[in-house]
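[1] Provided below are the primary sequence and the corresponding predicted coordinates.
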Amino acid sequence: MRIVALIPARYDATRFPGKLMAKLGAKSVVLRTYESVVKAALFSEVYVVTDSDIIFNEIVDNGGQAIKSIKEHECGSDRIAEAAEGIDADIIVNVQGDEPFTKKAPLIKLLEVFDGPDAKNIDLASLMQVMTKVNQIEDPNYVKVVVDEDNNALFFSRSPIPYPRNKDAQNKYFEHIGVYAFRKQALLDFYNTPMTILEDTEKIECLRYLETGKRIKMVVTEYMGIEIDTPEDLEHAKTFIEED
């Protein structure tokens, strides 16, 4: 299989505009993300896909590969799908531009889905990790996912799902981590389908896949990276670099 990594990188993030160009040590967040994905050595090619000349030049001027989006896009999947149309690949891996501590091991587990016993039934795969902090479970900024017995996604929500009516039930809450591996055709199908009502309601792009009948395999990981969503996340990440 030919596997290509695409990193969607939008400059004007709602909660933290310009965050991908914020300095994390001596390098920008987006450059650190790009370099961590390249370092994994799992991909035929790695590209940053962006709407921004600033981000495009940041990657290219540092010896990387970048693609400039032609259209405006509301979500990362649409952005990378536009780029993927012209790329020779069987599997497209999407790593968010604000994940500067992306590690190799979770990516390997993600890609193993496409060599598994039910691989032919899987349209895309993504990562999840167990949540234990109540404040995070209740926080709408953390997307939750519920799965069936085979770890196929049933639903994604910003609300605490499932609702704990039975306080004694031994339920686990899972946070969805925005790292994906798509079959190229599934990604293109997504791109050619209008935004669905559940996706629009929750503002979670995975719901478009579920609403249109795609099978999403979730992979449990202990991926404890730091997603840069706020200035506070950036400060925490700086401390993490100093300790690393």
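    Looks like it arrived, so ask away.
[2] which helix or strand in the protein has the lowest average pLDDT?
    Within the chain, judged by mean pLDDT, DSSP states H and E, the helix or strand with the poorest mean is helix 231-243; its value is a mean of 78.
[3] bridged to the residue lying closest to V113 once chain neighbours are set aside, which residues?
    Nearest residue to V113, sequence neighbours excluded (CB to CB, 6 or more residues apart in numbering): A125, at 4.1 Å. Backbone N, C-alpha and C define where each C-beta goes, glycine included. Legend: beta-bridge partners of A125 under DSSP bridges are A181, K217.
[4] gap between A125 and G116?
    Here the criterion is CB to CB, to the nearest Å. By it, A125 lies 9 Å from G116.
[5] for these two, indicate the residue with more neighbours.
    With neighbours defined as other CB atoms under 10 Å, A125 and G116 compare such that A125 has more, 27 against 12.
[6] pretty sure the more buried one contacts A181?
    Yes - counting by CB atoms under 8 Å, A125 touches A181, with 4.8 Å between them.
[7] who touches both of those two?
    Common neighbours of A125 and A181 (criterion: CB atoms under 8 Å, 6 or more residues apart in numbering): L110, L111, V113, F114.
[8] among these, the buried ones, what's the PyMOL command?
    Those of those that count as buried under 16 or more other CB atoms under 10 Å are selected in PyMOL with:
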select buried, resi 110+111+113+114
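[9] possible to save the shared contacts of A125 and A181 as CSV with pLDDT and distance to E227?
    CSV is the format used below for those (pLDDT from 0 to 100; distance: CB to CB, whole Å):
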residue, pLDDT, distance to E227
L110, 95, 16
L111, 96, 21
V113, 95, 22
F114, 95, 25
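[10] so which of the shared contacts of A125 and A181 is the closest to E232?
    L110 (27.9 Å; CB to CB).
[11] nearest residue to the closest one in space, please, no chain neighbours.
    Nearest residue to L110 in three dimensions, chain neighbours excluded: A181, at 4.9 Å (CB to CB, 6+ apart).
[12] and V38, by the same measure?
    Using CB to CB, 6+ apart, the nearest residue to V38 is V46, at 5.1 Å.
[13] any idea which element the one you found lies in?
    Of the helices and strands defined by DSSP states H and E, V46 is found in strand 45-50.
[14] packing partners of that strand?
    strand 3-9, helix 29-39, helix 53-60, strand 66-68, helix 76-84 (3 or more CB pairs under 8 Å, 6 or more residues apart in numbering; DSSP states H and E).
[15] against V60, how distant is the residue with the largest distance to the centre of the chain?
    The outermost residue of the chain relative to its centre, with distances by CA atoms, centre = their mean, is D168 at 32.5 Å. Counting by CB to CB, the separation of D168 from V60 is 56 Å.
[16] same check, this time on V95
    From V95 to V60 the distance is 18 Å (CB to CB).
[17] likewise V30?
    V30 is 12 Å from V60, by CB to CB.
[18] these two - which one has more neighbours?
    V30 (30 against 12).
[19] these two touch, right, that one and M21?
    Yes - using CB under 8 Å as the test, V30 is close enough to M21 to be in contact (6.7 Å).
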